[in-house]
Structure formats: C-alpha cells, structure tokens
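Colleague: quick one, structure for this:
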Amino acid sequence: MGRRRSILAQSLLALILSACTSTVATAPAASPSPSRAPSVTVAPDPSVVPDPTVTLSPPVTPTAIPATYGWWNDAVFYEIFVRSFSDSTGDGIGDLPGLIEKLDYLNDGDPTTTSDRGVTGIWLMPVAQSPSYHGYDVVDYKAIDDEYGTRDDFARLLDEAHKRGIKVIVDLVMNHTSSQHPWFVEAQDPNSSKHDWYLWSAAPEGPHWHEAENGLQYYGFFSPDMPDLNYNNPAVTEAMFDVVTFWLEEMGVDGFRLDAIKHLFEEGRRIEHVPATYAWLEQFYTFYKDVKRDAFTVGESWGETSIVAGYVPDKVDVAFEFTMAEAMIQSALTEDREQVERAQVRVDEIYPPGQFASFLANHDQDRTHSRMLREQQAYTAASMQLLYPGVPFIYYGEEIGMQGRKPDENIRRPMQWTSEGGFTTGEPWNDPFEDFAERNVALQDEDQTSLLNHYRGLIRLRNTYAALRTGYWQLVTAPEDKPSIYSFVRALGGERFLVLINLDKEPVSDYTLDLEFQDDGIPSNAKLQGELVFGPAISPGDLPPIQATGFTGYQPIGTLPPYSTFVIRFAP
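Modeller: Numbering: from 1, shown residues only. Predicted structure coming up:
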C-alpha cells in the first residue's frame, strides 16, 4: 500500500496545480477574520431556578441509526484538553492516565446505568509532542507529548475508551508545524531538500511573514512559532499522509479533528477557502478512507454556513457549524427564537442530512456560561443544540457551566471536579475559575435541577431515540407575538417528537402551535397519542392527541415554565 500512497501523493500535485490560479511568491494580504459577537459582562442571576427535568420511561435499549449514516451520527462527542482534565501524578498537568481514571464519568459502558454522561465520542486536543502548553505547534507528529504520558498510556486510553463504547479522535494540525520541528530547522538551509517544504520569500509583501535565521522571510499565518507547510510540494503531502496512516493504523484512533483547514493553500491575495485547498482535501478524503474505511473527520473551517457546507461530504465527513453556534448563543441570550430559527432552517436546507457538527463553544471562544445573562439561559442553549440534528460536540466543563473569557489560557482552565478542585493534588498549571467551590461536578451530580443533570438527561434521550439523532427536522410555527417559544419536530419511522422550548424568564401560557407533517407513511387518519419523555412533570392525561397529518391551534402544555424544555413522543 506504501507505493500506492506515494503515487497518490505525487498525482495530487498535478490536480492541485490545475486548481490554482497562481502560487505564493510574495505575501498574500490578510482577509478580515470572521466577526465575533460582543461579549456579555452582566453576571448571571441566580434567583431563577428552572423546574426539575425528568425522563419518563425511555426504552432500555437505544434504537439503531439507519445504515445510510456513519457511526458519528450515533455519537455525542466531548472535547477534552488533556492538560486541564485530570492529573494523576500531582505535577499540576493533566495527563492520559488521569483521563483514563475519569472515563466512567463520560460513559461507564453499561447502558442500564444513568449515572454517567452518555458520551460516545471524545476529541482530544493535540497530544503530539509540542513545546507549547496548547500543542498546536507540533515538533514530532508521531510522539505523545511527554507531559501527557507515553504511547503505552495512549494505547490503554484507546482500549479503555473502546470498551465503554467511546470512539476517540485526535486533533491533527496539518496547516503548520512548530518552528522547532526538525523539518523547519533543516528547511532554513536553502540547499536542503526540505527548504521548499515551507513558504519563503526574499522580499515579501503583506502580513504573516517572519524573518528566519537565514535572513529569508517565511510565511506563518498564525504565529512566527507556526510556519505554514507548503502543500504545493508533493513531498509534504506524502509526509502528512504518512502521519495520517500512523495514527489510524499504528495508534488505532477513530479519526481526526482537522485544524484550520481553510488555510492549507494561498492563491495570490486569497488566503482561505481557495480551489487548491478543496482539491487537496478531496484527495485527502480518498486517502484516509482507503487507509481506514470508517475513519471520521470533522473540519474546522470558520466561516458562514454557505461556505463551510462546501467542505461536506467529499472533503471532510462533517464540518463545525460556526454560524449556528453563534445563533444558538444569541437566541438563548436574547430569549428570542429569531436567530436560531433562521440558522437552523438554513443548516437543514444546505447540508446533507446530519452531516455537520454542532457546538456552543470550544477552546478558541469565550465559554457559554460567561456569555449568558442568567444561569438558566445555558439550559435552553443546551436544549437547542442537543435536540437538533447533526453531530454534537460539548467542550469539557460546559455541562457544569464552567466560566472563562479570553485570553486562551482562561478558557482552558482545569476541570472543576469537587469543592476542593479535584483536578490535581499538586499546584495546577493554571488556576481553576474562582467559583470552583460552588460550581463543580460533585455538587451538581446530587442536584437534580443542575445544568449537569440537564445535559445528562438530554444526552440520554438522544442516545435512546434514533429520531433525535438522525430523524428529519421540521420547524413548527409558533405565534409571532410569542418570540420566546421555539418548537420543532424530529421524526423517523413511526415516531415523532415535538420539542417545545420556552427561552424566556417568564412563563408562557397563551400560545398555539401549527404544523403540517411531512408524509412519512403513517396513515393520514391515524390519531397519535403523546407521551412526555423530557421536561417538568405534568399531570397524566394532560397531553391532547394529534392527527397524523399535523395540528393547528395545538397547545400541548398549558403553561410553559421559565427556561423550560419539553419533548413529547407521538406514536400511533
């Protein structure tokens, strides 16, 4: 297979060059970064507490996803910064053995228990050897960072995760290396065979160029410590394909989160989303599927929905949906459905069904809870994410409302396990957020109204019913004068689920809902009886039935409590 992959890497160059309109000889001008929403500085209001949520009699055995979807559509992912998750040695730095000790928190492997989170996939931020705390400047793609552990530790992590039904994907940083990587050190010699593995110029124009020890300028979009690789050189492609093969075959990972893929190529003054990047990624997709057919990739390509959707499905399996993430945050924050409704309708229209990744925050963004005006807005944000289609990703600590604002070190603080911290027995590499004594896993575990248990209930519900993972999505019409009501349907086979969210701090009682169902084979004269499977408890018999064709003027719940989420299952 090695010779075949070498041929593929060589043939790729011709395809890429045909896609390019020009090559980088001088510096491309920077295009504006995507705008980011203003941060909220108002402290959460602790005076409003949502009613307890309950899950009523779900089936013990989760229903299976249709064969047309990948295994990732059956997953709920959890993003982990190993350095901040759990320290097993007391040196203040999280490590792989510490993560292994905490796997039961994510999923204990027993589908009959309800004490774990129900997570079925983890994304590890960079674990390869790196001189930085964050790991996005790699010096050895095939070595585990010695602060995190060893290859044996990683192998044990894979084994223990897989025993519990947890898939593992790792961050793959392909756009650039560390300036300390041996490739770059050698490349500074103009006579070296690796010189053109990077982008050089004697007289560059524009930003992102940095002077090397040889007096030449090299291109590094993100930092002088992160020189960009030159994928116009087929040797670079072959080297990176070798890295991919190593992680899939030798290390046994289930896939990759692909960092900064929109920056792989530059064409003149364009530095993102260029045709050569698309062409290269198409070949990359073919390559890794050839190595491991069920390998999964999720791409980071920060941009608007119409642009990001262009990477799916033949360049990456799914892509992070940044526009929808911001819309969910804003609708929770403003307590108005307008932004999330518009974004989710657009996502439903433009992507192949379910082939996008949803999230609320990640390691590059202010934490969700720090952007909210009130504690309970984090509850409705979670409901909007986890009850919608796609592949959900949860940043570690979001499930307990961990707080943090940039700089980056402050949004990557140690996990808050107990009132004493619980992350390490030593001095942590970074202090936990100041509220760790009152906001931690141990306390929220015991509180049935906590954000942690809200997440747990939503994930369990999603894992139980295939319709909530891969069923079609249909917007329900809610009154224009009740902008805090957000409602939609998820349906698959003979099951239909009505989701009803009150985004507001006030109860809502005067409302009606309208919907004409898609034709999914249920006889039009059938009457569907409702069963509450998630939400504040109501009296039995309070759910009026609906017709299989839809409903008009429907009010399933008399009064929607503040910040409440209801999920009603309908079946003949």
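Colleague: could you use CA atoms for every contact and neighbour count after this?
Modeller: Noted.
Colleague: Ile568 in helix, strand or coil?
Modeller: For Ile568, the secondary structure call by DSSP: H, G, I helix; E, B strand; the rest coil comes out as strand.
Colleague: once you drop chain neighbours, what's closest to it?
Modeller: Closest residue to Ile568 apart from its sequence neighbours, by C-alpha to C-alpha, 6 or more residues apart in numbering: Leu532 at 4.5 Å.
Colleague: neighbours of the one you found, how many?
Modeller: For Leu532, the neighbour count with other C-alpha atoms under 10 Å is 22.
Colleague: for Ile546, see how far away it is.
Modeller: In this structure, Leu532 and Ile546 are 14 Å apart, going by C-alpha to C-alpha, to the nearest Å.
Colleague: cool, Phe256 as well?
Modeller: Computed as C-alpha to C-alpha, the Phe256 to Ile546 distance reads 44 Å.
Colleague: between those two, which one's more packed in?
Modeller: Phe256 (23 against 19).
Colleague: element containing the more buried one, please.
Modeller: In this structure, Phe256 sits in strand 255-258 according to DSSP states H and E.
Colleague: can you give the strand pairings for that strand, parallel or anti for each?
Modeller: strand 167-172 (parallel), strand 296-299 (parallel) (DSSP bridges).
Colleague: Asn73 in helix, strand or coil?
Modeller: Classification of Asn73 using three-state DSSP returns helix.
Colleague: now the helices for the stretch 201-350 of the chain?
Modeller: With DSSP state H, counting those that start in this stretch applied, the stretch 201-350 of the chain shows helices at 234-245, 275-291, 305-308, 322-334, 338-350, listed in chain order.
Colleague: okay if I get those helices as a markdown table plus distance to Lys406?
Modeller: Converted to a markdown table, the helices of the stretch 201-350 of the chain look like this (distance: least, C-alpha to C-alpha, whole Å):
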| stretch | distance to Lys406 |
| --- | --- |
| helix 234-245 | 32 |
| helix 275-291 | 30 |
| helix 305-308 | 25 |
| helix 322-334 | 17 |
| helix 338-350 | 24 |
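Colleague: pick the most deeply packed of those helices.
Modeller: For the helices of the stretch 201-350 of the chain, the largest average neighbour count (mean count of other C-alpha atoms under 10 Å) is found in helix 322-334, namely a mean of 23.
Colleague: now do that one: which elements does it pack against?
Modeller: Packing contacts for helix 322-334, counted by 3 or more C-alpha pairs under 8 Å, 6 or more residues apart in numbering; DSSP states H and E, involve helix 305-308, helix 338-350, strand 357-358, helix 377-386.
Colleague: what sits against Asp108?
Modeller: For Asp108, the contact set (C-alpha atoms under 8 Å, 6 or more residues apart in numbering) comprises 116, 164.
Colleague: and it, its phi and psi?
Modeller: Backbone torsions for Asp108, taken as degrees, to the nearest 10, come to phi -90, psi 0.
Colleague: what is Ile568 paired to in the beta sheet?
Modeller: Using DSSP bridges, the beta-bridge partners of Ile568 come out as Leu498, Leu532.
Colleague: pretty sure it contacts Ile501?
Modeller: No. Using C-alpha atoms under 8 Å as the test, Ile568 is too far from Ile501 to be in contact (11.5 Å).
Colleague: these two: which has the busier surroundings?
Modeller: For Ile568 versus Ile501, neighbours defined as other C-alpha under 10 Å are more numerous around Ile501 (25 against 19).
Colleague: the helix or strand where that one lies: what's the following helix or strand?
Modeller: Mapping Ile501 onto the secondary structure by DSSP H and E places it in strand 495-502. For strand 495-502, the following helix or strand on the C-terminal side (DSSP H and E) is strand 513-516.
Colleague: buried stuff in that following strand?
Modeller: For strand 513-516, the buried set under the neighbour-count rule, 16 or more other C-alpha atoms under 10 Å, comprises 513-515.
Colleague: for it, packing partners?
Modeller: Packing partners of strand 513-516 (3+ C-alpha pairs under 8 Å, 6+ apart): strand 550-554.
Colleague: which helices and strands sit right next to the strand it packs on?
Modeller: The elements that strand 550-554 packs onto, with contact taken as 3+ C-alpha pairs under 8 Å, 6+ apart, are strand 513-516.
Colleague: residues contacting the strand it packs on, please?
Modeller: Residues external to strand 513-516 that are found in contact with it (C-alpha under 8 Å, 6+ apart): 475-479, 549-555.
Colleague: what average pLDDT does the strand holding Phe256 get?
Modeller: The average pLDDT within strand 255-258 is 98.
Colleague: still on that earlier bit, in CSV, list the contacts of strand 513-516 along with distance to Lys505 and pLDDT.
Modeller: As requested, the contacts of strand 513-516 are arranged in CSV below (distance: C-alpha to C-alpha, whole Å; pLDDT from 0 to 100):
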residue, distance to Lys505, pLDDT
Leu475, 23, 98
Val476, 21, 98
Thr477, 21, 97
Ala478, 18, 97
Pro479, 18, 96
Thr549, 33, 90
Gly550, 29, 91
Phe551, 27, 94
Thr552, 26, 95
Gly553, 24, 96
Tyr554, 22, 96
Gln555, 20, 95
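Colleague: picking up where we left off before, between Ile568 and Ile501, what contacts are shared?
Modeller: Here Ile568 and Ile501 have no joint contacts, going by C-alpha under 8 Å, 6+ apart.
Colleague: against Asn73, how distant is the closest residue to Phe265 other than its chain neighbours?
Modeller: Nearest residue to Phe265, sequence neighbours excluded (C-alpha to C-alpha, 6+ apart): Thr277, at 5.4 Å. Summarising the geometry, the distance separating Thr277 from Asn73, computed by C-alpha to C-alpha, is 26 Å.
Colleague: again, but for Val298
Modeller: Between Val298 and Asn73 the distance is 12 Å, computed by C-alpha to C-alpha.
Colleague: quick one, which of these two is more surrounded?
Modeller: For Val298 versus Asn73, the count of surrounding residues by other C-alpha under 10 Å is larger for Val298: 26 against 23.
Colleague: verify the stated contact: that one with Glu321.
Modeller: No. With contact defined as C-alpha under 8 Å, Val298 does not count as touching Glu321 (10.5 Å).
Colleague: what is in contact with those two at once?
Modeller: Residues within reach of Val298 and of Glu321 at once, by C-alpha under 8 Å, 6+ apart, are Ala357.
Colleague: dump the residue contacts of Thr177.
Modeller: Counting by C-alpha under 8 Å, 6+ apart, Thr177 touches 136-139, 184, 226-229.
Colleague: now for the residues you listed: which two are most distant?
Modeller: Distances among these were taken as C-alpha to C-alpha; the most separated pair is Tyr136 and Phe184, at 15.2 Å.
Colleague: stretch 421-441: end-to-end distance?
Modeller: One end of stretch 421-441 to the other measures 10 Å (C-alpha to C-alpha).
Colleague: what of stretch 306-317?
Modeller: Length of stretch 306-317, first residue to last, C-alpha to C-alpha: 16 Å.
Colleague: again with stretch 308-325
Modeller: 13 Å.
Colleague: quick check: mean pLDDT of it?
Modeller: 98.
Colleague: what residues does that stretch touch?
Modeller: Residues external to stretch 308-325 that are found in contact with it (C-alpha under 8 Å, 6+ apart): 278, 281-285, 296-305, 340, 343-344, 347, 350-352, 355-361.
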